[in-house]
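> turn this into a model:
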Amino acid sequence: MRVLKSNCLCRQVVSRHRLIETGECNSMNKRLKVILVSATIPPAFAGAGLQWYRYARRLHERNELAFLLSFDFTGKDILCDDFQPDVPETKIIRLKPMTQSNPGRIIHQVRRFLFQLSLFGRIAGLMISHRRDFDVVHATSRQPLCVFALFWARILGKVAIYETSLGYSDDLLTIKKGSYLKYWFLSRVHTVLAISPQLYELCLQSGIRKNKLRLIKPYPKDTDLFKPVNDEDKKGLRRRLNLPLDVPILLFVGVILERKGADLLPEIYRNVLKSIPTAVLVLVGPETKAILSGSVVTTGDYIRSELNEHLQNGSVIFTGAVSNVPEYMQASDIFIFPSRNEGLPNAPIEAMACGLPCVVRDIPGVTSTFIDNSVDGYIIPGDDPSGFARVIVGVLSDKSEYMRIAHKARQKVMDNWSTDSGDRQYMDLYMEYIR
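Next comes the predicted model:
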């Protein structure tokens with residue numbers, strides 16, 4: 001046994017950088033099989049869910065995906081109608097979520113408890129029946145679906161990895177304050193992954209052992225999909241997407257809600273129009289029923305009321321949830337991201353990969369991990385619409401500055417978020433616990 005373990009470790013060192021191509025689990029001489037778990041995946045519109053779906057596709061292409069486990073949100077209003085699946089449905093298990101209703105508080109709590117108890121049993125049966133088909137469970141989300149899957153992975157002697165992706169939501173400190181039982185479950189995993197320094201510190205403050213916590217560069221970007229296009233191709237995309245041809249296009253991508261800072265867009269846009277009256281604002285993403293703070297309207301309705309005149313003349317465009325986000329990025333000129341809270345946001349990094357200068361709101365411990373201010377993008381402190389507008393006007397008015405930032409932004413993503421290096425970090429991590 002001692003000779004076998006030594007042999008395995010030796011081969012692991014030699015072949016570590018070939019794992020991503022071979023998928024070979026050295027200690028068992030078979031391909032590693034991974035279950036990915038996320039509460040939301042496409043066709044639902046969700047950043048972390050979309051990245052998990054893409055990761056599942058790459059694992060499937062390498063024959064390393066056991067299956068992708070998620071809730072089934074078919075029929076909800078956050079779906080991308082034009083979504084084109086590229087992971088076989090045979091590799092996806094979609095469980096029915098708890099149905100929405102408006103009963104009294106006590107009845108709701110009883111229904112929730114019964115649903116979670118049923119979900120715990122369903123996942124137990126699923127994991128036990130597939131126990132010979134997987135080696136690793138890697139989950140992202142604080143939802144019971146993910147927590148229970150990780151718990152049963154440990155019970156069955158499998159590798160359990162929890163990845164936290166949003167500060168003050170699914171970090172361990174926030175979870176511990178809301179539910180010690182859920183925290184207890186998650187603290188038993190092999191490793192907790194934090195995708196930003198902010199999340200790392202929040203998890204550390206929860207009391208989890210430091211040797212169980214890791215800071216990683218998450219969500220590799222497909223730089224062949226998210227890439228710059230030349231002027232001719234950009235015009236072609238604009239024609240196909242029914243966008244104006246020869247005007248500056250300001251792009252926002254994300255769910256239209258207050259946390260994403262979408263309520264700041266009207267004032268940012270009006271300030272830009274003072275200097276660039278032909279500018280067009282495009283909002284890509286679904287709207288939600290969440291009410292704007294201090295108001296009785298949703299963020300989307302607020303934007304419409306504030307920019308009604310521009311909406312009528314076509315200079316403000318809502319696309320809803322779409323699956324061809326890369327094309328909207330390639331067809332645009334600058335990316336605006338005034339979000340107030342993120343783990344490590346996908347959209348601005350993908351925009352950078354497309355060569356778009358990005359103007360983002362500062363989120364301490366997050367924004368500086370993907371943008372160096374005035375080097376490969378721009379960081380605006382606080383809710384400052386006029387500050388956003390000044391930078392947007394400045395960079396659109398200076399072609400040499402625009403090209404410098406665009407080049408640096410693309411190179412930043414190529415150096416830090418390629419799919420090869422990103423997937424390799426996950427595979428190396430899994431292999432540390434395979435015996």
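> low-scoring pLDDT stretches of the stretch 51-200 of the chain, where are they?
Per-residue confidence for the stretch 51-200 of the chain (pLDDT under 70) gives these ranges: 74-82, 100-104.
> now Arg154: how far from Ala139?
12 Å (C-beta to C-beta, to the nearest Å). Backbone N, C-alpha and C define where each C-beta goes, glycine included.
> mutual contacts of these two, please.
Ala160 (C-beta atoms under 8 Å, 6 or more residues apart in numbering).
> these two: which is more packed in?
Ala139 (26 against 15; other C-beta atoms under 10 Å).
> who does the more buried one bridge with?
When assigned by DSSP bridges, Ala139 has beta-bridge partners Val37, Tyr162.
> measure it to Gln425 for me?
Applying C-beta to C-beta to Ala139 and Gln425 gives a distance of 17 Å.
> just Val280 next, same as before
39 Å.
> which residue of those two possesses the greater neighbour count?
Val280 (20 against 15).
> please name the bridge partners of that one.
Bridge pairing for Val280 - DSSP bridges - gives Ile249.
> what backbone torsions are found at the nearest residue to Ala409 once chain neighbours are set aside?
Leaving out its chain neighbours, the residue that sits closest to Ala409 by C-beta to C-beta, 6 or more residues apart in numbering is Met352, at 3.8 Å. The phi/psi pair for Met352 (degrees, to the nearest 10) reads phi -60, psi -40.
> now swap in His407 and tell me
Dihedral pair for His407: phi -70, psi -50, per degrees, to the nearest 10.
> where does the spatially closest residue to it that is not a sequence neighbour land in three-state SS?
Leaving aside its chain neighbours, His407 sits nearest to Gly355 (7.3 Å; criterion: C-beta to C-beta, 6+ apart). Of the three states, Gly355 takes coil under DSSP: H, G, I helix; E, B strand; the rest coil.
> quick check, central residue of this protein?
Ala48 (2.8 Å; C-alpha atoms, centre = their mean).
> from what I see, that residue and Ser38 are in contact.
Yes - in terms of C-beta atoms under 8 Å, Ala48 counts as a neighbour of Ser38; the distance is 6.5 Å.
> what residues are shared contacts of those two?
Contacts common to Ala48 and Ser38, judged by C-beta under 8 Å, 6+ apart, are Thr140, Ser141.
> how distant is stretch 44-63 from the center of its chain?
10 Å (C-alpha atoms, centre = their mean, to the nearest Å).
> my bad, stretch 424-435
Per C-alpha atoms, centre = their mean, the centroid offset for stretch 424-435 relative to its chain is 22 Å.
> re the thing from before, list the contacts of the residue nearest to the centre of the chain.
Counting by C-beta under 8 Å, 6+ apart, Ala48 has contacts Ser38, Thr40, Thr140, Ser141, Ser165, Leu166, Tyr219, Gly343, Asn346.
> cutoff 7 Å now
Ser38, Thr140, Ser165 (C-beta atoms under 7 Å, 6 or more residues apart in numbering).
> just Phe370 next, same as before
With C-beta under 7 Å, 6+ apart, Phe370 has these contacts: Leu344, Pro348, Ile349.
> state the pLDDT value of the residue nearest to His407.
Looking at Gly355, its pLDDT reads 97.
> number of nearby residues for it?
Neighbours of Gly355 (other C-beta under 10 Å): 22.
> can you check Tyr162 too?
Neighbours around Tyr162, by other C-beta under 10 Å: 30.
> on that earlier part again, any idea which of the contacts of Phe370 has the most stuff around it?
Leu344 (27 neighbours).
> that one should be in a strand, yeah?
No - Leu344: not assigned to a strand; according to three-state DSSP it is coil.
> I'd say it and Ile371 touch.
No - counting by C-beta atoms under 7 Å, Leu344 does not reach Ile371; the two are 11.2 Å apart.
> the residue nearest to the centre of the chain: which element?
Ala48 is part of helix 47-61 when elements are defined by DSSP states H and E.
> next structured bit after that helix?
Counting by DSSP H and E, what follows helix 47-61 is strand 65-71.
> centre of the chain to that following strand, how far?
Using C-alpha atoms, centre = their mean, the offset of strand 65-71 from its chain centre is 17 Å.
> repeat that for stretch 34-41.
From the chain centre to the centre of stretch 34-41 is a distance of 12 Å (C-alpha atoms, centre = their mean).
> kindly report the same for stretch 341-349.
On the basis of C-alpha atoms, centre = their mean, stretch 341-349 is displaced by 7 Å from the centre of the chain it belongs to.
> cool, and stretch 385-395?
The answer for stretch 385-395 is 26 Å, by C-alpha atoms, centre = their mean.
> list the contacts of the residue lying closest to Thr140 once chain neighbours are set aside.
Leaving aside its sequence neighbours, Thr140 sits nearest to Glu163 (C-beta to C-beta, 6+ apart; 4.3 Å). Applying C-beta under 7 Å, 6+ apart, we find Glu163 in contact with His138, Ala139, Thr140, Leu193, Ile195, Pro218.
> same thing but at 8 Å, please
By C-beta under 8 Å, 6+ apart, the contact list for Glu163 reads His138, Ala139, Thr140, Val192, Leu193, Ile195, Pro218.
> save those residues as TSV, and put in distance to Gly254 too.
TSV is the format used below for those (distance: C-beta to C-beta, whole Å):
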residue	distance to Gly254
His138	24
Ala139	23
Thr140	18
Val192	26
Leu193	23
Ile195	17
Pro218	17
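> need the pLDDT of the residue nearest to the centre of the chain.
Per the predicted model, pLDDT is 81 at Ala48.
> same deal with Glu306?
Note for Glu306: predicted pLDDT of 97.
> is Ile433 in contact with His190, as I believe?
No Ile there; residue 433 is Tyr. Yes - in this structure Tyr433 lies within contact range of His190 using C-beta under 8 Å: 5.2 Å.
> when those two are compared, which one has more neighbours?
Using other C-beta under 10 Å as the criterion, Tyr433 and His190 rank with His190 on top: 19 against 14.
> picking that back up, who touches the residue nearest to His407 in this structure?
With C-beta under 8 Å, 6+ apart, Gly355 has these contacts: Lys227, Pro228, Ala406, His407, Ala409, Arg410.
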